[in-house]
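Asks: Sequence plus predicted model, see below.
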Amino acid sequence: MLKIENLHVRVAGKDILKGLDLQVKAGEVHAIMGPNGAGKSTLGNVLAGRAGYEVSAGSIHFEGGNLLELEPEERAAAGVFLAFQYPVEIPGVNNTYFLRAALNAQRKRRGEAELDSMQFLKRVREKLAVLHLKDELLHRAVNEGFSGGEKKRNEIFQMALLEPKLAILDETDSGLDIDALKMVADGVNAMRDPARAFVVITHYQRLLDYIVPDFVHVLADGRIVESGDKSLALKLEEHGYSWIAERKLAGAA
Amino acid sequence: MATGFLEPLIAEGATLAGGQAGWLGRVRANALAQLARDGMPAARSEAWKYTSLRALAQRAYQRGDSDAAGRSIDAGLLALPGVDGPRLVFVNGAFRADLSRIEPIDGLQLHTLSQVLESDADSLQGPLSRSFDDAADVFARLNTALAGDGPVIRVAAGRRDLPLVHLVLIGAAASTELAWHLRGIIEVGEGAALRVVEHHVGESGQAHFGNLLTQIAVAAGGRLDLLQVQNSSESASLFRRSEARLAADAQLEMRSIEAGTAWLRHDLAVTLAGDRSRFVSRGVFALRGRQHADTRLDVRHAARDTACDIVWRGVADQRSRGVFHGAITVNPGADGSDAQLSNKNLLLSAQAEIDSQPVLEIYADEVKAAHGATVGQLDEQALFYLRSRGLSAQQARSLLTLAFCRIAFDSIENTALREHVDALLLERLPEEVEEFASEGAPA
């Protein structure tokens, strides 16, 4: 589904990703872990198409097509979703109205029929129940005055509603207490599907107790330096990221 | 020195004033003499710093519309969703009884200025004797000299829960370009409450010059809610001056939506004359093409513990130009005053321009005052967020722009009316996105 090869990315003149390779197949959950500054969020932003991230070498293919040629809204319609590390507050824009506009814009671009308000609300109710979100959030402006936990749950709610093929969760666990973390994980697990893939970017192993990954990758200094199964996350938790650096040194010697 | 704009109007005013005796004749003759003496304000006039009068001064308009009574008006033009109470309609500056809806309501007087001048002229001597001694007030002087009609709305002491009064000012197509002058009077009695919509609309293409001067007085403990929805033709020119004087514990809440006209000047002058009186102003102008809108607020705290709370938004696209001047003066002795002014502006094009000028002058002690003004562009983070969810760049821009404007009117309680304003503004944004309009403002 997703194939990243030798990806080099510069941000504000600085090399952040330096030859990253990653392959994700439908149905898989990949965790990307790594120390601060390794380039984890850069990866998420490049996949979603944020401006200011210059791809200086390498390629990203999504479902066989060149993802880098697409505008952010085209990527969304193609099925790419980024749950933001810092969801943006948009005063004056009603949450429901924004979501319906977004969903219908995607559907229109894909040549599907747009949903009317009854169909849309039915879908909203189903997804709200899964995420234990209050109706009241829907009537408020997008993320405005939401607590940190509400913002992150709103991201997962949007994901549930938009039903992407590839969901990238950028440190969705940061700032969450254990209850909110479980709700977010429940929301993600409910969406696991043979046709859908997840890339879960996180600094801590904790989230992976609840969203159990098929693969764990360690991103350090702009590259994936270690890959393994879920046990790799536990080792990292035990030994810290310095363990990877030491192992690499040992390997080189 | 007279000019192409003023000359014919002064001449017609002189003919008009010839037969008038008494105080009104003297007031009008005085205004004409001032106009003849001072002409148009000089280019360096501070009050007209950002709005050139040169083009207007060279245009000649015919005073009034002799065919106004017979012009057919599409009913849809004057309708406002959620508004179905009493209505006063003026077409090209002339009252149209046939389009108006005036039922007797206890404690609410709805008249025209010409009616009151015939039946009870002396009751208007106070407001109509107002003279404008600054040469910058050229249009107010013209209004004083030429306005023979306009709405007169009066509420008796203690009357509340009255229906919303709809005041419609229509610019109708005519074979020549017309100048109309109307004088409005709104008086709210002690402890009374009134809601009014001042609604400007125009048939497209008509390029008249309108001049509406409204004098508002709210007596002790009274309250007026005034919504101004200005959606005149984008070829029209409009001068509006709204003056208000608030007695003790009186409150005025104004919401101003400026969408139409090629050239607009809105002077909003409020005096907080009584202790604990309060003025709230919310407003927005949304401009495109070569529209020019100049809003000038002048609020004076003249009593103790008075408050003003002003929030305005401006949006300028293409080659349009917006001006916001917000002046607040706290008089000596007006202790305990609270003055808040915020003006944020959004430029949607590199050729558009907005000038914002907040001015605070404080001569009292123990005053709480804050003001802020910004001119900026749409937030890139928010744009990306919306696009990452599937909205096109253009949809995202329109949605964010509308959201930016909404603070000016999201407190309108009448849902149908609020949604109408929403749709009105959306229509003017870069790309119309119909599904947004259908769901209205946030609940």
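Replies: Arrived safely.

Asks: Touching, A:Leu181 and A:Leu208? I think so.
Replies: No. Under the criterion of Cβ atoms under 8 Å, A:Leu181 is not in contact with A:Leu208, lying 10.9 Å apart. Backbone N, C-alpha and C define where each C-beta goes, glycine included.

Asks: Would you mind listing what in chain A touches chain B?
Replies: A:48-51, A:71-73, A:75-77, A:81-82, A:84, A:87-88, A:90-94, A:96-106, A:109, A:114, A:117, A:139-141, A:158, A:162 (Cβ under 8 Å from any Cβ of the partner chain).

Asks: Show me which of the residues you listed are buried.
Replies: Among the residues of chain A next to chain B, those classed as buried by neighbour count (16 or more other Cβ atoms under 10 Å in any protein chain shown) are A:48-50, A:72-73, A:75-77, A:81-82, A:84, A:87-88, A:90-94, A:96-106, A:140-141, A:158, A:162.

Asks: Just those: which are in helices?
Replies: Secondary structure of those is defined by DSSP state H; positions in helices are A:48, A:72-73, A:75-77, A:96-106, A:158, A:162.

Asks: And the closest residue to chain A within chain B, what's its pLDDT?
Replies: The nearest approach of chain B to chain A comes at B:Ala403, 2.9 Å away (Cβ to the nearest Cβ). Reported pLDDT at B:Ala403 in the predicted model: 91.

Asks: before we move on, what SS does it have?
Replies: Following DSSP: H, G, I helix; E, B strand; the rest coil, B:Ala403 is assigned to helix.

Asks: Can you give me every residue that contacts it?
Replies: B:Ala403 makes contact with A:90-93, A:141, according to Cβ atoms under 8 Å, 6 or more residues apart in numbering or on different chains.

Asks: Break down the stretch 301-443 of chain B into its strands, ranges please.
Replies: Shown for the stretch 301-443 of chain B, the strands assigned by DSSP state E, counting those that start in this stretch span residues B:307-316, B:321-330, B:338-347, B:353-362, B:368-376.

Asks: which helices and strands sit right next to the last one?
Replies: Counting by 3 or more Cβ pairs under 8 Å, 6 or more residues apart in numbering or on different chains; DSSP states H and E, the packing neighbours recorded for strand B:368-376 are strand B:321-330, strand B:338-347, strand B:353-362.

Asks: one more time with 6 Å
Replies: Counting by 3 or more Cβ pairs under 6 Å, 6 or more residues apart in numbering or on different chains; DSSP states H and E, the packing neighbours recorded for strand B:368-376 are strand B:338-347, strand B:353-362.

Asks: cool, the first one as well?
Replies: Contacts of strand B:307-316 with other secondary structure elements, assessed using 3+ Cβ pairs under 6 Å, 6+ apart, are made with strand B:278-287, strand B:321-330, strand B:338-347.

Asks: ranking the ones you listed by burial, who's on top?
Replies: strand B:278-287 (a mean of 24; mean count of other Cβ atoms under 10 Å in any protein chain shown).

Asks: Which pLDDT value goes with the nearest residue to A:Asp177 once chain neighbours are set aside?
Replies: Distance criterion Cβ to Cβ, 6 or more residues apart in numbering or on different chains; nearest residue to A:Asp177, sequence neighbours excluded, is A:Gly149 at 6.7 Å. Reading off the confidence values, A:Gly149 has pLDDT 86.

Asks: So which bits of the one helix or strand A:Gly149 maps to are buried?
Replies: Element membership for A:Gly149 (DSSP states H and E) is helix A:148-162. Within helix A:148-162, the residues that qualify as buried by neighbour count (16+ other Cβ under 10 Å) are A:149-162.

Asks: Which residue would be the closest one in chain A to chain B?
Replies: Checked against chain B (Cβ to the nearest Cβ), the nearest residue in chain A is A:Gly92, 2.9 Å away.

Asks: what's the pLDDT at that residue?
Replies: Residue-level confidence at A:Gly92 comes out at 86, pLDDT.

Asks: Could you do A:Pro72 as well?
Replies: A:Pro72 is assigned a predicted lDDT (pLDDT) of 97.

Asks: Over to B:Gly158?
Replies: Reading off the confidence values, B:Gly158 has pLDDT 96.

Asks: remind me, longest helix of chain B?
Replies: Selection of the longest helix in chain B by residue count, based on DSSP H, yields helix B:22-38.

Asks: Dump that helix to PDB, keeping only the CA atoms.
Replies: Taking only C-alpha atoms (Å, rounded to 0.1, in the frame of the first residue of the first chain), the coordinates of helix B:22-38 have been written out as PDB:
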ATOM      1  CA  GLY B  22     -39.400  79.000  11.500                       C
ATOM      2  CA  TRP B  23     -36.600  77.000  13.100                       C
ATOM      3  CA  LEU B  24     -36.300  74.300  10.400                       C
ATOM      4  CA  GLY B  25     -35.900  76.900   7.700                       C
ATOM      5  CA  ARG B  26     -33.100  78.500   9.700                       C
ATOM      6  CA  VAL B  27     -31.400  75.200  10.300                       C
ATOM      7  CA  ARG B  28     -31.500  74.300   6.700                       C
ATOM      8  CA  ALA B  29     -30.400  77.700   5.500                       C
ATOM      9  CA  ASN B  30     -27.500  77.600   7.900                       C
ATOM     10  CA  ALA B  31     -26.300  74.200   6.600                       C
ATOM     11  CA  LEU B  32     -26.600  75.500   3.000                       C
ATOM     12  CA  ALA B  33     -24.600  78.500   3.800                       C
ATOM     13  CA  GLN B  34     -21.900  76.400   5.400                       C
ATOM     14  CA  LEU B  35     -21.800  74.100   2.400                       C
ATOM     15  CA  ALA B  36     -21.600  77.100   0.000                       C
ATOM     16  CA  ARG B  37     -18.800  78.600   2.100                       C
ATOM     17  CA  ASP B  38     -16.600  75.400   2.700                       C
END
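
Asks: In contact with B:Gln228: list those residues for me.
Replies: With contact taken as Cβ atoms under 6 Å, 6 or more residues apart in numbering or on different chains, B:Gln228 is in contact with B:198, B:256.

Asks: May I have the beta-bridge partners of it?
Replies: According to DSSP bridges, the partner residues bridging B:Gln228 are B:Glu198, B:Ser256.

Asks: now A:Met33
Replies: Beta bridges link A:Met33 to A:Thr202, A:Val218 when assigned by DSSP bridges.

Asks: and what of B:Val188?
Replies: Checking B:Val188 by DSSP bridges, which sets the bridge assignment, gives partners B:Val155, B:Val218.

Asks: Which residues are in contact with it?
Replies: Contacts for B:Val188 (Cβ under 6 Å, 6+ apart) come out as B:155, B:194, B:218, B:222, B:224.

Asks: didn't the first one look like it was pressed against B:Ala192?
Replies: Translated: B:Val155. Yes. At 4.3 Å, B:Val155 and B:Ala192 qualify as touching, with contact defined as Cβ atoms under 6 Å.

Asks: Can you give me the pLDDT of B:Ala437?
Replies: With respect to pLDDT, B:Ala437 scores 39.

Asks: The one 4 residues further on now?
Replies: Taken from the predicted model, the pLDDT recorded for B:Ala441 is 37.

Asks: Check which residues of stretch B:7-19 are buried.
Replies: Neighbour counts using 16+ other Cβ under 10 Å place B:9-10, B:12-13, B:16-17 of stretch B:7-19 among the buried residues.

Asks: how far does it sit from the chain's center?
Replies: Between the mean C-alpha location of stretch B:7-19 and the chain-wide mean there is a distance of 26 Å, by Cα atoms, centre = their mean, to the nearest Å.
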